[in-house]
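[1] Have a look at this prediction, sequence included:
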Amino acid sequence: MNAVFIITGKEIRDGMRNRWVLATTVLLAMLALSLGFLGSSPTGAVKVDPLTVTVVSLSSLSIFLIPLIAMLLSYDAIVGEVDRGTMALLLSYPVSRWQIVIGKFIGHLLILTLATSVGYGMAGIALQLAHGTVDISAWEPFLFLIIASVLLGAAFLSMGYLISTLVRERATAAGIAIGVWLFFVVIFDMALLGALVADTQQNITASMVNTILLFNPSDVYRLLNLTGYENIAMYAGMAGLSDQVSLGRPVLILAQLLWIVVPFCFAIFFFKKKQI
C-alpha cells in the first residue's frame, strides 16, 4: 500500500503545481456565491434561509459542472501516461498496475473533494454571515449537497478511468469523455422526457421511471439533493415528485456507490490486460 500512497501524493502535488485545485476551488466558490446571492435576494420576504435556495440552485448547476471537472481530471490519467512514455518507466518499478490505478484515483478524488468542500463551504459561510444569521438546521442539506457532489464526481472519475484504459490515444479519450458527459447530463433526461411525452397509453409506470433513473448517476444525485429534505423539495418545485419517488436515500446512495465501484473495477481489469 506504500506504493499507492506515493502515487496518490504525486497526483496531489501535480494538481497543486498545475493549479487544478486552486482553479477548481475558486470556480466552485464563485459560482456558489453568485447563485447564493442572486437566488437569495427575495428570501427576506418569505423567510427562506439563503442556504436552502443555494442548495436548490447548486443541485442543478453541479450536475453539469462536477462531472465535467471529474472527466477533465481523469480522461487521460492512464492513456496520457502511456502516450508520454512515463507509464512504461513507472511499471519498471516494483509497483502493480492496480496500485497505479488506485493511487491515481484516490489522488484525483482528494483533489475533487478538497475543491468541492472548500469552494462550496466558503460560499455557504459567506452567505450565512452576509445575512447576519447562522441557521444550523440549514447546514444539514448543504453539507449533504457537498457529500453528494463528491460522490457524483467520483462516479464520473471512475468512468473517466475506464475510458482512459480502453483507448490508445488521448484525443480519442477526450472525445469519448465529452460524449459520455453529454449523454448522462443532457441526452439521457431528454430521451426519458421524450419517451414519457410519447407514451400516450401510459405504459411507463412510476416504478419503471424510478428504476430508469438509477441508470444515470446525475439523476441519482438530483434525487438525493432535491427530494431528501421537505423544505428543499418544496422550493425546488419537486414536492409532488418526492411523493412519487419510492427510492429511499439508502437505495440512492447504494446506486451512486455502484456507479463508482463498477466502472472502477472494470478500469483495473482492462488496465491489467492493456499492452504498454
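    In hand now; what should we look at?

[2] Give me the residue ranges of the stretch 1-150 of the chain where confidence is low.
    By pLDDT under 70, the low-scoring segments of the stretch 1-150 of the chain are 1, 36-52, 131-138.

[3] please redo it, this time with the cut-off set to 80
    1, 18-21, 32-60, 123-139 (pLDDT under 80).

[4] Identify each of the helices in it and give its residue range.
    2-17, 20-39, 43-46, 50-74, 79-84, 86-91, 97-130, 136-166 (DSSP state H, counting those that start in this stretch).

[5] same for the last one, what does it pack against?
    It refers to helix 136-166. Applying 3 or more CB pairs under 8 Å, 6 or more residues apart in numbering; DSSP states H and E, one finds that helix 136-166 makes contact with helix 50-74, helix 79-84, helix 97-130, helix 170-182, helix 217-226, helix 249-273. Any C-beta I mention is one placed from the backbone N, CA and C, and that applies to glycine too.

[6] Over to the first one?
    Secondary structure elements in contact with helix 2-17, counted by 3+ CB pairs under 8 Å, 6+ apart, are helix 20-39, helix 97-130.

[7] do the same with the second one
    Helices and strands touching helix 20-39, by 3+ CB pairs under 8 Å, 6+ apart, are helix 2-17, helix 50-74, helix 97-130.

[8] Centre of the chain to the first one, how far?
    Here the centre of helix 2-17 is set off from its chain's centre by 21 Å, with CA atoms, centre = their mean, to the nearest Å.

[9] in it, what's buried?
    3-4, 7-8, 11-12, 15 (16 or more other CB atoms under 10 Å).

[10] quick revisit: please identify which of the helices and strands packed on helix 136-166 is closest to Asp199.
    helix 217-226 (17.9 Å; CB to CB).

[11] packing partners for that closest one?
    For helix 217-226, the packing partners by 3+ CB pairs under 8 Å, 6+ apart are helix 50-74, helix 136-166, helix 188-198, helix 206-213, helix 230-235, helix 249-273.

[12] Quick one: the helices and strands packed on helix 2-17 as CSV, columns for mean neighbour count and distance to Ala148 too.
    Below are these laid out as CSV (neighbours: other CB atoms under 10 Å; distance: least, CB to CB, whole Å):
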stretch, mean neighbour count, distance to Ala148
helix 20-39, 18, 14
helix 97-130, 20, 10
